[in-house]
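Enquirer: For reference, the sequence and a predicted model appear below.
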Amino acid sequence: MATLARPIPAAPTGLSRGRTKRYTSVVKTTVTTPRPVDPQEADHDVIARVLQGDRNAFGTLIRRYSDPLYRHALGMTGSPDVAEDILQASFIKAYQHLAEVHGRFDAWIFRIVANGCKDWLKNIRRTHLSYEEDDQPSAFATPDEELDRTELRSDLDRALAALAPSLREAFVMKHVEGRSYEEMADLLGTTVGALKMRVHRAREALQALLEEKYA
């Protein structure tokens, strides 16, 4: 991942270590189970620290959300370099507008990244996507089978690249990232029904594009 430029310094790499004191007592004690930490509360605690002047604390949010956001940007753009650029620009924008966060930070930063991807797709014509996890040939495939597999993958990638950004976004989130419709709705600020329709339209468009060659 690309390292964000200042003024957003990297956060500390770990928690400070302290000594643990052990006590023995002959009296009966009551064990209190700690309350589970709400991720949203944890995010807003970090945001409060940043807004109070602790710029290093922003690194906690970067580490917490970089991986899923990068995977989404990569699925949308097909380019590791472009995905890193979008992610870096999105975190810088998030840092500059951090005081505007009033709801869930994860959904807020996701929409910044998603909009960055769609803006890139609108301005850059792409003819090929490649998913690195599929780039390695199968040890059990014959050369002819591997050639067919590579050709089919290329055709699928080109068909996906031809989709409208909103349909491509929904398809990537559902079938590449494996998200539920409910999670998608939370992140995108829309309804489950609307997303199901987008995924359905994306599937139909992909089928029509592929049938032109394979029918």
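Expert: Okay, I see it. Computed from a prediction, not measured in an experiment: that's the story for all the values here. Numbering: from 1, shown residues only.
Enquirer: drop to CA atoms for contacts and neighbour counts, all remaining ones
Expert: Fine.
Enquirer: so how many other residues sit close to E41?
Expert: A count of nearby residues for E41, using other Cα atoms under 10 Å, gives 12.
Enquirer: Please identify the helix or strand for it.
Expert: In the assignment (DSSP states H and E), E41 maps to helix 39-51.
Enquirer: what residues does that helix touch?
Expert: 55-58, 60-61, 98-99, 104-105 (Cα atoms under 8 Å, 6 or more residues apart in numbering).
Enquirer: Now tabulate these in CSV and tack on neighbour count, pLDDT and distance to K196.
Expert: CSV is the format used below for the contacts of helix 39-51 (neighbours: other Cα atoms under 10 Å; pLDDT from 0 to 100; distance: Cα to Cα, whole Å):
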residue, neighbour count, pLDDT, distance to K196
R55, 19, 90, 40
N56, 16, 92, 40
A57, 21, 93, 37
F58, 23, 95, 35
T60, 17, 94, 33
L61, 18, 95, 30
L98, 19, 95, 31
A99, 12, 95, 33
R104, 15, 92, 23
F105, 21, 95, 24
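Enquirer: in the helix holding E41, what counts as buried?
Expert: Using 16 or more other Cα atoms under 10 Å as the test for burial, helix 39-51 gives 43-44, 46-47, 50.
Enquirer: Now E177: closest residue in space, sequence neighbours ignored.
Expert: Among residues not flanking E177 along the chain, H72 sits closest, at 7.3 Å (Cα to Cα, 6 or more residues apart in numbering).
Enquirer: now the next helix or strand along the chain from the helix holding E41 and helix 39-51, what's the angle there?
Expert: As assigned by DSSP H and E, the chain's next helix or strand after helix 39-51 is helix 58-77. Going by axes from the mean of the first three to the mean of the last three Cα atoms, to 10 degrees, helix 58-77 is angled at 120 degrees with respect to helix 39-51.
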